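Asks: give me coordinates for this.
(one chain, ligands or ions: 2)
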Amino acid sequence: MSTKKIIFINPPYERIAPGYEFVKHITNQSPSLGLLHLAAEVRLHDYEPSIIESDIFNLSIDEVAQQVIDEKPAYVGITLFTVGIWGAAAIARKIKQALPQTIIIVGGPHISSMGNETIERFKEFDAAVVGEGEKILMELLETYEKGSSIVNVPGIIYRVNDMAFRTPELPVNKVLDELPFPAWDLLPDFPQAYKPAIYDFPRGPVATIAASRGCPFHCKFCDTSTFGAKVRHYSPSKVFDMMKHLHETYGVRHIMFVDDLFLASKVRTEELCNLLLDSGLNMTWTCTARVDTVKPEILTLMKKAGCWEISFGLETGSNDLLKKMDKAAEVEKSEQAIKWTAEAGIRTKGLFMLGFPGEDSGTIGQTKDFIRRIPMTIMNLTKFTPYPGSPIYRDLYGTNIREDHWEKMNGMNFVWAPEGMTVEELDRQYQEILLAFYRRPQIGWYYTKLTLQYPNHLFRLLRFALGFAAAKIRSILSGRGGLLVKPHETHLDEIDNPLR
Ligand code: B12
Ligand code: SF4
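Replies: Ligands and ions are numbered 1, 2, ... in the order given. Sure, this is the predicted structure:
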């Protein structure tokens, strides 16, 4: 067993509702950028990292565990979203049974929000790293290597006699520029295997970059526990260097910026745009923004510098609901931002949410009107999910731990329903809202033109359509009358609404 070998795992998780597996052909298949950053950091210190991307390569729990067992690493690092916790624990259990000496370390958003509970409950994890991982993981590995006690390593959670203990936090990396580039070279089949959602990019290959970390807002549904409220940025020149490296080394033609607030600093955005324009790099890119951070001048510059699409967290067409979400935004401002973006020639993606506490038929009606009147080109509708780490989780459940629905927390299942609404009604409204947007002739025409312009999307669309047809036929043949969710697989009956 090499004492320097560490395997990082992005575990499998339920991407969609059971019965809808074919949707995977058109959804976002981005790698874990967190693991790429960690792998780059440990490699600087002579460790030998590798990465397993379970979901992208359709690897089962057994297959992932077996790959690790065959390699006999000294360490395993697993990234944890709430939705992936059960899969991750099952993999860790199998590894521990075969390789009891291998140390299993976990980190990621679920640990930043629910670390103590996770370490107490899942004995197969040896230690957890809270928040930003690079520095802490290195200190932890070096402590293990020296054979010293880990209780003095900052920013971790460890277990003694079934109880979890947390050490004081380590200050975060103030200067992101000091971090090495993410280890894209370690990703199997990069960049070809990693595709964003269909129609969410003009042409590949595509890679992701986080040009900043942190968000100062406190929207109630959002889990910001990993990087906190203070925004830290890479310098524009370092971001530009990353883009150039990806383009020249891997032929990447499109970048998806995954920052919470890409436009938090107008000055930095301008600087990056100017660097891109002067270089003639000719890459396209997408980013997310709050509606209050865009103005016509910056949008015009962004368009010139290759910006193809901006995602806005619009959430709802109701100002009352926006207030309840602590979104610090108004429908009128959203409408203005979407118009300006469309006028600048940038595609607009609206991110909406259905079922937040306070949602009712009135607010749903306002959302339907809103999406019909704004010049939006693509929309995402999430089923409201109280993620651990979000303020609403505490409002709804207090300090109760609701681990029973963790594996459903992928934004595609209603695990909670607002007062006066049932999950069945929400599911019906979910489809109606999407249809209200996508059924309009101008949207159909827009996507036809887009497909002709970028035919690379057609293949995925065909696989999706064939998958859908096969699922329907299977359902009819098995006597389920075309219903895609199998009755025994639905968790709807188990839903226990604490406010009802
Ligand atoms: C890009 C992104 C995606 C991508 C890529 C996912 C991926 N595996 O990384 C896609 C589109 C696939 C995706 C899907 C989902 N996402 Co997402 N996503 C993001 C986003 C916007 C950025 C993530 C990122 O790259 N950050 C930058 C990197 C550097 O940070 P990082 O991954 O957190 O890693 C650092 C630390 O967490 C830590 N760390 C992480 N793993 C490990 C492991 C070890 C061993 C150690 C020591 C440390 C460590 O160290 C890393 C370096 O500092 C975040 C929001 C955010 N600001 O983080 C949401 C976010 C992570 N997603 C979220 C959710 C809910 C989802 C989905 C469940 C549903 C959805 N709504 O889309 C799915 C599930 C996906 C899955 N299990 O892989 C939530 C997670 C909440 C939670 N408690 O689970 C977040 C926090 C959004 C939010 N604010 O609520 N997502
Ligand atoms: S939704 Fe966006 S603006 Fe609100 S807290 Fe989350 S990342 Fe920040």
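Asks: just the element for T286, please.
Replies: Using DSSP states H and E, T286 sits in strand 284-289.
Asks: what is that strand packed up against?
Replies: When contacts are defined as 3 or more Cβ pairs under 8 Å, 6 or more residues apart in numbering; DSSP states H and E, strand 284-289 sits against strand 254-257, strand 307-315. For the C-beta atoms, the positions are set from N, CA and C on the backbone; glycine is no exception.
Asks: helix, strand or coil for the closest residue to ligand 1 within the stretch 351-500 of the chain?
Replies: In the stretch 351-500 of the chain, the residue that lies nearest ligand 1 is G411 (3.6 Å; Cβ to the nearest ligand atom). Per DSSP: H, G, I helix; E, B strand; the rest coil, the local secondary structure of G411 is coil.
Asks: who touches it in this structure?
Replies: Shown in contact with G411 (Cβ atoms under 8 Å, 6 or more residues apart in numbering): T382, K383, T385.
Asks: let me have those in CSV, extended by distance to I136.
Replies: Shown next, in CSV, are the contacts of G411 (distance: Cβ to Cβ, whole Å):
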residue, distance to I136
T382, 31
K383, 33
T385, 28
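Asks: report the distance from stretch 41-61 to the chain centre.
Replies: Counting by Cα atoms, centre = their mean, to the nearest Å, stretch 41-61 is centred 18 Å from the centre of its parent chain.
Asks: could you do stretch 230-238 as well?
Replies: Relative to its chain's centre, stretch 230-238 lies at 20 Å (Cα atoms, centre = their mean).
Asks: among the helices and strands packed on strand 284-289, which is nearest ligand 2?
Replies: strand 307-315 (5.0 Å).
Asks: re the thing from before, name the member of the contacts of G411 with the most neighbours.
Replies: T385 (23 neighbours; other Cβ atoms under 10 Å).
Asks: what pLDDT does the model give it?
Replies: Looking at T385, its pLDDT stands at 93.
Asks: spit out the contact partners of it.
Replies: Residues counted as contacts of T385 (Cβ under 8 Å, 6+ apart) are F221, M409, N410, G411, N413, V415, W416.
Asks: of the residues you listed, buried ones?
Replies: F221, M409, N410, G411, N413, V415, W416 (16 or more other Cβ atoms under 10 Å).
Asks: now the third one. Nearest residue, chain neighbours left out?
Replies: Nearest non-adjacent residue to N410, counting by Cβ to Cβ, 6 or more residues apart in numbering: V83, 4.6 Å away.
Asks: okay, L484 and A469: tell me how far apart.
Replies: 12 Å (Cβ to Cβ, to the nearest Å).
Asks: more crowded one of these two?
Replies: L484 (17 against 11).
Asks: so the more buried one is in contact with A471, correct?
Replies: Yes - L484 is within contact range of A471, at 5.6 Å (criterion: Cβ atoms under 8 Å).
Asks: between these two, what contacts are shared?
Replies: Here L484 and A471 share the contacting residues G19, Y20, scored by Cβ under 8 Å, 6+ apart.
Asks: could you check the pLDDT of E489?
Replies: 50.
Asks: quick check: K220 vs ligand 2, distance?
Replies: K220 is 9 Å from ligand 2, where distance means Cβ to the nearest ligand atom, to the nearest Å.
Asks: can you check S478 too?
Replies: 41 Å.
Asks: show me the one of the helices and strands packed on strand 284-289 that comes nearest ligand 1.
Replies: strand 254-257 (7.9 Å).
Asks: next secondary structure element downstream of the closest one?
Replies: helix 266-279.
Asks: what residues sit buried inside that following helix?
Replies: By 16+ other Cβ under 10 Å, the buried positions in helix 266-279 come out as R268, T269, E270, E271, L272, C273, L275, L276.
Asks: centre of the chain versus stretch 457-476, how much separation?
Replies: 25 Å.
Asks: next one: stretch 437-449
Replies: Relative to its chain's centre, stretch 437-449 lies at 27 Å (Cα atoms, centre = their mean).
Asks: low-confidence stretches in the stretch 1-150 of the chain?
Replies: 1, 15-18 (pLDDT under 70).
Asks: which strands or helices does the biggest helix by length in the chain pack on?
Replies: Longest helix of the chain, by residue count under DSSP state H: helix 456-477. With contacts taken as 3+ Cβ pairs under 8 Å, 6+ apart, helix 456-477 sits against helix 441-453.
Asks: got the angle for the helix it packs on vs helix 456-477?
Replies: If you take axes from the mean of the first three to the mean of the last three Cα atoms, to 10 degrees, helix 441-453 sits at 120 degrees to helix 456-477.
Asks: enumerate the residues of the stretch 351-500 of the chain near ligand 1.
Replies: T382, Y387, P388, G389, N410, G411 (Cβ under 6 Å from any ligand atom).
Asks: all strands for the stretch 51-200 of the chain, in order.
Replies: Secondary structure of the stretch 51-200 of the chain (DSSP state E, counting those that start in this stretch): strands at 75-79, 103-107, 127-129, 156-160, 163-166.
Asks: near ligand 1, which residues of the stretch 151-300 of the chain show up?
Replies: A210, C222, D223, T224, T226, V258, D260.
Asks: if I pick the third one, what's in contact with it?
Replies: If a contact means Cβ under 8 Å, 6+ apart, then D223 has P109, S112, S113, Y387, P388, G389, S390 as its contacts.
Asks: related to what we said a few turns ago, in CSV: the helices and strands packed on strand 284-289, plus mean pLDDT and distance to G19.
Replies: Putting those into CSV (pLDDT from 0 to 100; distance: least, Cβ to Cβ, whole Å) gives the following:
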stretch, mean pLDDT, distance to G19
strand 254-257, 98, 29
strand 307-315, 98, 27
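Asks: in TSV: those, plus mean neighbour count.
Replies: Below are those laid out as TSV (neighbours: other Cβ atoms under 10 Å):
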stretch	mean neighbour count
strand 254-257	23
strand 307-315	24
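Asks: give me the distance from the strand holding T286 to the chain's centre.
Replies: Chain-centre distance of strand 284-289: 15 Å, with Cα atoms, centre = their mean.
Asks: again, but for stretch 266-283
Replies: 26 Å.
Asks: mean confidence score for it?
Replies: Averaged across stretch 266-283, the pLDDT comes to 96.
Asks: re the thing from before, identify the residues contacting the residue nearest to N410.
Replies: By Cβ under 8 Å, 6+ apart, the contact list for V83 reads Y13, E14, W406, E407, K408, M409, N410.
Asks: lowest-confidence entry in those?
Replies: Within the contacts of V83, lowest confidence goes to E14 (73).
Asks: which residues does that one contact?
Replies: Neighbouring residues of E14 by Cβ under 8 Å, 6+ apart: V83, E407, K408, N410.
Asks: same list (those) but as JSON lines, adding distance to Y438.
Replies: Compiled in JSON lines, the contacts of E14 are given as follows (distance: Cβ to Cβ, whole Å):
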{"residue": "V83", "distance to Y438": "26"}
{"residue": "E407", "distance to Y438": "29"}
{"residue": "K408", "distance to Y438": "25"}
{"residue": "N410", "distance to Y438": "21"}
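Asks: and the residues you listed, which two are furthest apart?
Replies: E407 and N410 (8.5 Å; Cβ to Cβ).
Asks: give the residues shared as contacts by those two.
Replies: The contact sets of E407 and N410 overlap at Y13, E14, V83 (Cβ under 8 Å, 6+ apart).
Asks: any idea how far the last one lies from ligand 1?
Replies: From V83 over to ligand 1 the distance is 4 Å, taken as Cβ to the nearest ligand atom.
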